[in-house]
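# Give the three-dimensional model of this entry:
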Amino acid sequence: MNESELNPNPPELDDISAYDDADEENTPSGQEVPFAVLEAFKKAYPEAVNAKFEEEINNGEPVYEVEFIDQGVDIEASYLADGTLIQIEQEIQLEELPETVIGAILEAYPDAILIEAEKIMAADGSVRSYEVEIEDDDVELEIHLDPNGTILDSELETETSEAE
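Residues are numbered from 1 along each chain as shown. The predicted model follows:
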């Protein structure tokens with residue numbers, strides 16, 4: 001994955017080169033993040049800090065993921081090269097999880113300790129799913145559930161997946 005860190009106080013969008021972080025290997029320069037993505041991001045999140053851009057290929061098409069903090073909340077927004085927002089992942093408090101989601105986790109993993117949660121939203125803000133990290137018998141798992149509490153999948157948390 002390629003990352004480029006933005007300044008906490010982003011410069012004007014017409015100075016795209018200011019987004020470059022030349023100290024990291026394999027880091028795309030600011031010019032490699034499409035202007036439309038930078039513009040859409042700045043418009044949607046003018047108060048964002050600590051933004052990091054990553055380019056990934058999804059179904060043969062580049063997708064630009066931006067991890068940042070907005071008003072104290074960790075968020076990841078995904079954009080197409082034309083600046084179209086496609087998905088938002090937002091950290092939430094465990095208390096914000098729907099009862100159906102918590103119930104499904106505790107039914108499948110009765111001894112689970114819930115650690116952290118994110119809600120995954122479509123561009124229109126509707127909730128697509130929840131991602132919940134749990135500890136069960138000293139094993140950390142990441143559980144993906146739909147808004148109704150149906151478990152979609154789970155994966156073992158490893159040091160590699162935590163570092164991403």
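
# going forward, measure contacts between C-alpha atoms and count neighbours the same way
Fine.

# who's in contact with the residue sitting nearest the centre point of the chain?
Here the mean C-alpha position of the chain is nearest to the C-alpha of Glu76 (CA atoms, centre = their mean), at a distance of 2.9 Å. Glu76 makes contact with Glu65, Val66, Glu67, Phe68, Ile88, Glu89, Gln90, according to CA atoms under 8 Å, 6 or more residues apart in numbering.

# Thought Glu47 was touching the fourth one, still the case?
No: at 10.0 Å, Phe68 and Glu47 do not qualify as touching, with contact defined as CA atoms under 8 Å.

# neighbour count winner among the two?
Neighbour count, other CA atoms under 10 Å: between Phe68 and Glu47, Phe68 has more, with 22 against 13.

# From Asp146, how far off is the more buried one?
Here Phe68 is placed at a distance of 24 Å from Asp146 (CA to CA, to the nearest Å).

# And for Val139?
Taken as CA to CA, the span from Val139 to Asp146 is 22 Å.

# sec struct for Ser78, please.
The three-state label for Ser78, taken from DSSP: H, G, I helix; E, B strand; the rest coil, comes out as strand.
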